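Enquirer: how would this look folded up:
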Amino acid sequence: MQFSDVVGQDLIKQRLLADYRSGRVPHALLFCGKEGSGAWPMALAFAQYLLCTGKDPMADVGMFGPAAATAPLDHACGRCPSCLMAGKLQHPDLHLVFPIYKKQSKPTYCDDFVAEFRDLMLADPYASYADWLRASGAQNQQLVIYVEESDAITRKLSLKASQGGYKVCLIWQADKMHEACANKLLKLLEEPPAQTVFILVSERPEHILQTIRSRTQRIDFPPLAEGEMAQALVQRNGIGHDVALRLAHNAEGSFTQALRNGQQDEEQQLYFELFVSLMRLSYARKVKEMRQWSEQVAAFGREPQKAFLNYCQRMVRENFVYNFRRPAMSYMSDAEAQFALKFAPYINERNVVGIMNELSLLQRDIEQNANAKIALFDFALKMIVLIKDR
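Expert: Presented below is the predicted three-dimensional model:
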């Protein structure tokens with residue numbers, strides 16, 4: 001992964017390069033940004049840059065000849081053995097940590113899933129947590145970075161660097177670390193071995209222990225500009241300019257969402273149909289059908305339920321904004337916008353806060369392992385009253 005493969009975020013690229021050139025690379029970084037902002041691709045690119053042995057113009061004259069002496073310093077060379085290995089996420093000094101599930105009762109480590117994780121990230125470094133759920137075969141299980149992983153990290157980083165340079169530990173979805181795992185890593189984060197760099201990546205940094213956050217240098221990734229995303233969609237995915245602009249506008253700063261919008265995947269279509277169904281059933285007060293709706297969503301499993309509730313909150317917000325008749329503020333697909341023509345008036349100043357509060361409470365209950373059928377049906381019944389409040 002090269003810096004040039006990361007969409008936008010040029011200021012952060014320059015900051016990281018400046019840290020390296022000044023010899024002040026932090027030993028622990030925390031990249032924070034919403035899904036699709038590029039925090040993880042940037043972590044991959046910076047890791048390859050640190051591991052590259054050909055980025056110093058004078059380092060590889062003997063290996064590549066005089067031409068190497070004029071090579072620029074603002075990206076990994078892409079040719080040295082370290083770059084070739086890092087580009088495949090198989091560098092011996094690049095350690096990948098990510099949430100997993102227990103296959104058996106015995107301890108399970110990230111190395112047990114690393115082949116699947118590499119395949120996913122090599123295919124799409126902007127892959128989401130939901131993509132990893134499917135790729136890992138987790139089904140209804142929640143993914144966690146278990147306490148045993150801290151021992152594996154400590155053991156790996158205690159070894160001498162294979163290539164004699166940096167050792168880099170990338171922790172994807174760091175907010176999924178079990179508290180016991182995070183506590184065991186505190187000392188290592190505070191005093192890591194020489195030339196060891198931790199890069200933690202999180203979409204929800206507030207869920208990371210404060211003691212961990214205080215030992216890292218935080219870098220926040222802002223949402224991507226629409227123009228940057230549109231340009232990337234045209235150049236990388238061969239999408240027409242007008243379509244790319246529409247996809248970028250509806251993505252709300254997330255390149256992952258822009259790609260997802262372009263694919264029109266079945267999951268998003270299902271979520272849309274379920275949302276429309278609930279709103280219509282609530283308006284018609286069809287309690288029996290609402291119970292059946294609740295049972296259908298309850299059968300999804302916890303993580304898909306959480307993803308669906310996130311979608312519901314987005315749709316409520318978008319329909320509320322739609323009432324202001326400001327197209328530039330609308331971030332909906334064609335099908336969603338068509339539904340909003342008649343539905344948006346039902347989401348207004350009198351009920352929008354109540355609906356969003358109920359969705360937040362429902363999401364909390366789902367995360368805390370409440371009975372999904374009861375929680376969803378209770379929410380559906382409350383929508384009968386809320387949706388009528390025009």
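Enquirer: From here on, just use CA atoms for contacts and neighbour counts.
Expert: OK.
Enquirer: Okay, now the unreliable bits of the stretch 151-300 of the chain?
Expert: 262-266 (pLDDT under 70).
Enquirer: 80 instead?
Expert: Residues of the stretch 151-300 of the chain meeting the criterion pLDDT under 80: 164, 237, 243, 250, 260-268.
Enquirer: Show me the helices in it, by range?
Expert: 179-190, 210-213, 226-237, 241-250, 255-263, 266-284, 287-298 (DSSP state H, counting those that start in this stretch).
Enquirer: the domain parsing of this structure - what is it?
Expert: Domain ranges of the chain: 3-220, 225-262, 265-322+343-390, per automatic domain parsing.
Enquirer: now the ones you listed in TSV, with distance to Ala337 and mean neighbour count?
Expert: As requested, the domains of the chain are exported to TSV (distance: least, CA to CA, whole Å; neighbours: other CA atoms under 10 Å):
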stretch	distance to Ala337	mean neighbour count
domain 3-220	23	18
domain 225-262	11	19
domain 265-322+343-390	8	17
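Enquirer: would you turn those domains into CSV with distance to Glu336?
Expert: Converted to CSV, the domains of the chain look like this (distance: least, CA to CA, whole Å):
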stretch, distance to Glu336
domain 3-220, 21
domain 225-262, 11
domain 265-322+343-390, 8
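Enquirer: Please identify which of those domains is closest to Met332.
Expert: Among the domains of the chain, domain 225-262 comes nearest to Met332, with 5.7 Å by CA to CA.
Enquirer: and that closest one, how far out from the chain's middle?
Expert: 17 Å (CA atoms, centre = their mean, to the nearest Å).
Enquirer: do stretch 93-105 as well
Expert: 17 Å.
Enquirer: Return the alpha-carbon coordinates of that stretch using PDB.
Expert: Provided in PDB are the C-alpha atoms of stretch 93-105 (Å, rounded to 0.1, in the frame of the first residue of the first chain):
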ATOM      1  CA  ASP A  93       8.200  -7.300  10.900                       C
ATOM      2  CA  LEU A  94       4.600  -6.300  10.100                       C
ATOM      3  CA  HIS A  95       2.200  -7.600  12.700                       C
ATOM      4  CA  LEU A  96      -1.500  -7.500  12.100                       C
ATOM      5  CA  VAL A  97      -4.000  -7.400  15.000                       C
ATOM      6  CA  PHE A  98      -7.800  -7.400  14.400                       C
ATOM      7  CA  PRO A  99     -11.000  -8.600  16.100                       C
ATOM      8  CA  ILE A 100     -11.800 -12.300  15.800                       C
ATOM      9  CA  TYR A 101     -14.100 -14.900  17.300                       C
ATOM     10  CA  LYS A 102     -13.200 -18.100  19.200                       C
ATOM     11  CA  LYS A 103     -13.300 -21.100  16.900                       C
ATOM     12  CA  GLN A 104     -13.000 -23.500  19.800                       C
ATOM     13  CA  SER A 105     -12.800 -23.400  23.600                       C
END
